[in-house]
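J.: sequence and predicted model, in that order:
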Amino acid sequence: MPNHPELPAIVTIFGATGDLTKRKLVPALFNLFLDRELPKKFTLLAVGRRGDQASFIEAMEEGLAKFSRRGTADPKKWAEFAARIRYVALPFEDPNLYTEIAGVIAESEEEFGEPATRVFYLSVPPEIFATVSDGLGVAGLSGNRERDRIVIEKPFGRDLESAEQLNNRLLNHFEEPQIYRIDHYLGKETVQNILALRFGNTLYEPIWNRRYVENVQITVAEEVGVEKRGGYYETSGALRDMVQNHLLQLMCLVAMEPLVSFEADEVRNKKVDVLKAIRPIDIKNRHAFSVRGQYGPGYFQGQAVPGYRQETGVDLYSSTETYVALKLYVDNWRWQRVPFYLRTGKRMPRKLSQVVINFTPVPHQMFPSSVDDIEANRMIINIQPEEGISVRFAAKEPGSGMRLRTVSMDFNYEEAFHAESREAYETLLQEVIEGNTTLFMRADQEHLAWELLQPLINAYEEHPASSFPNYVAGTWGPESADIMLARDGHSWYNPNSGPAPRKEHA
Ligand code: BG6
């Protein structure tokens with residue numbers, strides 16, 4: 001059993017009556033508490049817009065039963081945890097709110113008999129970030145560089161300019177090392193495992209380069225449509241919502257150079273190097289490097305589902321993309337001429353986040369009878385829902401003759417460790433409380449990611465797609481995404497179906 005961290009902590013959640021608090025934040029904090037990963041001296045201060053302490057605690061307990069990986073809470077344990085909750089309902093614009101927060105913090109610290117780490121988690125819409133940050137600053141709750149921390153959730157701005165503005169507002173009160181920008185993908189166990197795989201083993205690093213890797217594919221596919229988030233999604237789209245953050249972060253982990261140490265800034269510097277090396281997208285020739293899509297009505301698991309334009313809060317003529325595929329190059333020695341294909345979409349046939357490293361075919365194939373059946377070597381890093389790694393390679397089929405077949409060597413997280421993976425938010429909250437910024441986005445990473453995509457975002461806005469909707473809900477996206485790879489002689493690796501048949505040039 002781990003020991004509780006020593007320093008006391010007070011976590012304040014703004015937006016406590018919102019969905020994220022109930023689905024993710026409180027279940028994560030409660031699980032950390034059960035696992036003795038929270039400090040013994042701990043206060044959770046919830047700031048909501050309505051209700052009172054008793055109704056908040058009740059709602060959170062219900063939330064655990066529905067959303068926590070551990071299900072319904074043990075009543076005794078929950079009562080112990082709930083005793084540490086304080087609830088305040090005041091508007092974010094009201095200066096009294098911040099005086100009240102300062103009061104609860106002072107009370108808790110007095111009870112602890114020592115100063116605490118103070119975490120301010122902004123689970124609120126982005127337009128409120130600056131109001132809360134200013135409120136905290138004015139109330140003197142941001143000035144301690146070691147102990148005051150502010151956590152924000154994406155979107156960090158809507159574009160390069162608004163991201164810069166937001167950053168400057170935060171920097172009025174907090175210094176960069178006090179700002180924790182969450183990209184929840186970085187808290188996923190299997191995402192962190194990419195570093196372990198690459199730099200904890202001698203086996204893979206020597207072949208992790210342009211000599212042996214033909215192309216890399218990163219897929220984040222979702223079964224769901226936009227659900228109740230049509231209003232937000234209309235101002236966002238797949239490029240902003242998924243590529244600017246999650247997909248580029250995955251790409252950084254796959255493409256980065258070996259680390260000298262596992263220090264936060266070393267990890268983040270190496271990621272920044274990747275972002276700096278990504279070749280700017282050739283906007284005039286963008287159709288060769290990018291494909292956008294929007295789902296139309298279709299079927300999912302036998303049920304008719306609406307198209308994007310029929311979802312609540314969505315314009316009937318919307319040109320917002322719900323799918324994007326990109327071809328990117330990293331201009332450095334390691335990756336010269338190796339395409340990185342990234343794709344993400346809503347309403348795809350299955351939920352799937354994976355990285356596929358496609359290795360080059362053998363230089364000389366001496367088994368002529370079976371050439372068509374053999375795939376080149378491939379490593380598949382499954383991030384979710386299955387968690388693990390598979391390496392696919394050729395083996396001789398039993399029997400006479402020399403027929404080869406592709407077989408798979410599989411590592412499965414749950415089987416290997418006899419444990420279910422913890423939730424990303426458990427890891428992320430623990431890291432904030434312990435003051436480790438490794439898994440969080442630094443301002444320069446954010447900036448470079450926006451800088452890369454902004455020209456494409458602008459081009460999409462200036463030239464709305466005329467072909468939307470261009471894929472049927474429940475399929476792997478528009479055909480033009482297959483054609484983009486086919487032009488390079490490649491094809492997407494889709495699970496179950498294996499590699500799609502190679503297509504002739506379009
Ligand atoms: C969020 C996006 O960041 O990630 C959502 O805003 C998306 O649109 C979600 O559904 C996907 O996260 P996960 O962990 O379910 O892959």
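T.: Alright, I've got the coordinates.

J.: and the residue in the chain that the ligand sits nearest to, how many residues sit next to it?
T.: The chain approaches the ligand most closely through residue 241 (4.7 Å), counting by C-beta to the nearest ligand atom. C-beta here means a position set from N, CA and C on the backbone, and glycine is covered the same way. For residue 241, the count of nearby residues is 23 (other C-beta atoms under 10 Å).

J.: quick check: phi and psi on it?
T.: phi -70, psi -30 (degrees, to the nearest 10).

J.: excluding its backbone neighbours, what's nearest it?
T.: residue 233 (6.9 Å; C-beta to C-beta, 6 or more residues apart in numbering).

J.: state the mean pLDDT of stretch 376-395.
T.: On average, the pLDDT along stretch 376-395 is 94.

J.: list the buried residues in it.
T.: 377-384, 386-394 (16 or more other C-beta atoms under 10 Å).

J.: restricting to C-alpha, output it in PDB.
T.: The C-alpha trace of stretch 376-395 is given here as PDB (Å, rounded to 0.1, in the frame of the first residue of the first chain):
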ATOM      1  CA  ALA A 376       5.400  -6.300 -43.300                       C
ATOM      2  CA  ASN A 377       6.200  -6.200 -39.600                       C
ATOM      3  CA  ARG A 378       3.900  -4.100 -37.600                       C
ATOM      4  CA  MET A 379       3.700  -2.900 -34.000                       C
ATOM      5  CA  ILE A 380       0.200  -2.000 -32.700                       C
ATOM      6  CA  ILE A 381       0.100   0.100 -29.500                       C
ATOM      7  CA  ASN A 382      -3.500  -0.200 -28.200                       C
ATOM      8  CA  ILE A 383      -4.400   2.700 -26.000                       C
ATOM      9  CA  GLN A 384      -8.100   2.000 -25.600                       C
ATOM     10  CA  PRO A 385     -10.400   0.300 -25.100                       C
ATOM     11  CA  GLU A 386      -8.100  -2.700 -25.200                       C
ATOM     12  CA  GLU A 387      -4.800  -1.800 -23.500                       C
ATOM     13  CA  GLY A 388      -1.700  -3.500 -24.700                       C
ATOM     14  CA  ILE A 389       0.800  -4.000 -27.500                       C
ATOM     15  CA  SER A 390       0.900  -6.400 -30.400                       C
ATOM     16  CA  VAL A 391       3.800  -7.200 -32.600                       C
ATOM     17  CA  ARG A 392       2.900  -8.900 -35.900                       C
ATOM     18  CA  PHE A 393       5.400 -10.900 -37.800                       C
ATOM     19  CA  ALA A 394       5.700 -13.800 -40.200                       C
ATOM     20  CA  ALA A 395       5.900 -17.400 -39.100                       C
END
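
J.: not counting its own residues, what contacts that stretch?
T.: Residues from elsewhere that reach stretch 376-395 (C-beta atoms under 8 Å, 6 or more residues apart in numbering): 185, 188-191, 193-194, 197, 204, 214, 250, 351-362, 374-375, 404-414, 416, 421, 493.

J.: all the strands of the stretch 351-500 of the chain, in order from the start?
T.: 352-359, 378-384, 388-396, 404-412, 471-472, 493-494, 498-499 (DSSP state E, counting those that start in this stretch).

J.: just the stretch 151-300 of the chain next, same as before
T.: 179-182, 213-221, 290-293, 295-296, 298-300.

J.: which residue packs closest to the most centrally placed residue in the chain, ignoring adjacent ones?
T.: Centroid-nearest residue in the chain, with C-alpha atoms, centre = their mean: residue 185, separated by 2.7 Å. Setting aside the residues directly before and after it, residue 185 is nearest to residue 246 in space (C-beta to C-beta, 6+ apart), at 4.3 Å.

J.: with residue 260 instead?
T.: In space, residue 260 is closest to residue 266, 5.7 Å off (C-beta to C-beta, 6+ apart).

J.: what score does that neighbour have for pLDDT?
T.: Confidence score, pLDDT, at residue 266: 96.

J.: what are the bridge partners for residue 342, then?
T.: residue 218, residue 326 (DSSP bridges).

J.: how about stretch 442-457: buried residues?
T.: Those would be 442-443, 445-450, 452-454, 456-457, for stretch 442-457 by 16+ other C-beta under 10 Å.

J.: with stretch 340-360 instead?
T.: Quick answer for stretch 340-360 (16+ other C-beta under 10 Å): 340-349, 352-359.

J.: what separates that stretch from the chain centre, distance-wise?
T.: 14 Å (C-alpha atoms, centre = their mean, to the nearest Å).

J.: end-to-end on it?
T.: Stretch 340-360 has an end-to-end distance of 14 Å (C-alpha to C-alpha, to the nearest Å).

J.: do the same with stretch 149-167
T.: Using C-alpha to C-alpha, first and last residues of stretch 149-167 are 15 Å apart.

J.: I'd say residue 273 and residue 257 touch.
T.: Yes. Using C-beta atoms under 8 Å, residue 273 is in contact with residue 257, at 6.6 Å.
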